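Asks: make a model of this:
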Amino acid sequence: MAEMVADAIAQEGHIVCHATLGTDAPAICAGFAAHRTGRAASLALRLARARVLRTVWVRVDTRKVES
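Replies: Now for the predicted structure:
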């Protein structure tokens, strides 16, 4: 997990929430979005804070997530 976070930070990326994989609404992992360095490094999160990207909060129906 630490390596995944480090890679995302190094690439100015983010981590997709495991509960949203395989759904119509993949989302950024809330844990990564709360990570001090992660939220500062992520281009998507920076653009959302700058209101260049629109943030849409959705409740994930985890019953639709593939095993």
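
Asks: other residues contacting the helix or strand of the chain with the lowest mean pLDDT?
Replies: The helix or strand of the chain with the lowest confidence, counting by mean pLDDT, DSSP states H and E, is helix 30-34 at a mean of 92. Here helix 30-34 makes contact (CB atoms under 8 Å, 6 or more residues apart in numbering) with 5, 8, 14-15, 17, 38-39, 42, 45. (C-beta placed from N, C-alpha, C; glycine too.)

Asks: quick one: low-confidence ranges for this structure?
Replies: Residues of the chain meeting the criterion pLDDT under 70: 58, 60-67.

Asks: for it, which residue occupies the most central location?
Replies: By CA atoms, centre = their mean, the chain has its centre lying nearest to I28, at 1.5 Å.

Asks: what strand or helix carries the nearest residue to it once chain neighbours are set aside?
Replies: Nearest non-adjacent residue to I28, counting by CB to CB, 6 or more residues apart in numbering: H14, 4.7 Å away. H14 is part of no helix or strand when elements are defined by DSSP states H and E.
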